[in-house]
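Peer 1: Please work out how this folds:
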Amino acid sequence: MNSTSPPHSSLRPILVVEDNDMDLDFCMQAFEEHAIINPVIACRDGEEAMRFIDTHCSPEDVQLPLLVLLDLRLPKVDGIEVLRHARQHPVWKKVPFIMLTTSRENSDVDQAYQLGVNSYIVKPVDFPAFAEVVKQIKMFWILTNEPPFTAPRG
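Peer 2: Numbering: from 1, shown residues only. From the prediction side, this is the model:
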């Protein structure tokens, strides 16, 4: 698990669960390009993400994320299982999850929504299109949406 910004930010972090180095790099570059200043926590497989979820279960926890960008195809435990696990925790039922994946399979989309994903986005393969997706995520999920938890006091 990597944190890519100052540990004492007054903003809730964004949790990115992604095993692909290029996709994680695209994500970080797009965050920078669109001035997303929230700290970013990266989990590189589903098992690591589930440990993170189990460790941060309080609304007062400064590491409880503003939102989660979750890949579907992950090593060890897939994104569907991570989502299922998260939604079993009362606090994590409220955290917005965005499935950000290459899969367009109807069964994947259906299963993700049945388990409570808030948004399902197919990852663009080139950086300009990926950056545009991140811009839209910022506009809605960071600037427009009213989050379930207030910013931590720190």
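
Peer 1: For this structure, which helix extends over the most residues?
Peer 2: helix 21-33 (DSSP state H).

Peer 1: May I have the strands that pair with the next helix or strand after that helix, each with its orientation?
Peer 2: Next helix or strand after helix 21-33 toward the C-terminus (DSSP states H and E): strand 40-43. Applying DSSP bridges to the sheet, strand 40-43 is found paired with strand 2-3 (antiparallel), strand 14-17 (parallel).

Peer 1: ranking those strands by mean pLDDT, which is last?
Peer 2: Lowest mean pLDDT of the strands paired with strand 40-43: strand 2-3, a mean of 55.

Peer 1: roughly how far apart are Pro96 and Pro59?
Peer 2: Here the distance between Pro96 and Pro59 works out to 14 Å (C-beta to C-beta, to the nearest Å). Yep, even glycine has a C-beta here, placed from its N, CA and C like the rest.

Peer 1: quick one: which of the two has more around it?
Peer 2: With neighbours defined as other C-beta atoms under 10 Å, Pro96 and Pro59 compare such that Pro96 has more, 19 against 13.

Peer 1: what about the chain, any weak spots by pLDDT?
Peer 2: 1-9, 151-154 (pLDDT under 70).

Peer 1: what ranges do the strands span in it?
Peer 2: Taking DSSP state E as the test, the strands found in the chain are 2-3, 14-17, 40-43, 67-70, 97-101, 119-122.

Peer 1: Rebuild those as TSV, extending it with distance to Asp78 and mean neighbour count.
Peer 2: Shown next, in TSV, are the strands of the chain (distance: least, C-beta to C-beta, whole Å; neighbours: other C-beta atoms under 10 Å):
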stretch	distance to Asp78	mean neighbour count
strand 2-3	21	12
strand 14-17	10	27
strand 40-43	13	21
strand 67-70	10	26
strand 97-101	10	24
strand 119-122	14	16
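
Peer 1: Format these as JSON lines; extra columns: distance to Lys138.
Peer 2: Output for the strands of the chain, formatted as JSON lines (distance: least, C-beta to C-beta, whole Å):
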{"stretch": "strand 2-3", "distance to Lys138": "19"}
{"stretch": "strand 14-17", "distance to Lys138": "10"}
{"stretch": "strand 40-43", "distance to Lys138": "13"}
{"stretch": "strand 67-70", "distance to Lys138": "10"}
{"stretch": "strand 97-101", "distance to Lys138": "12"}
{"stretch": "strand 119-122", "distance to Lys138": "13"}
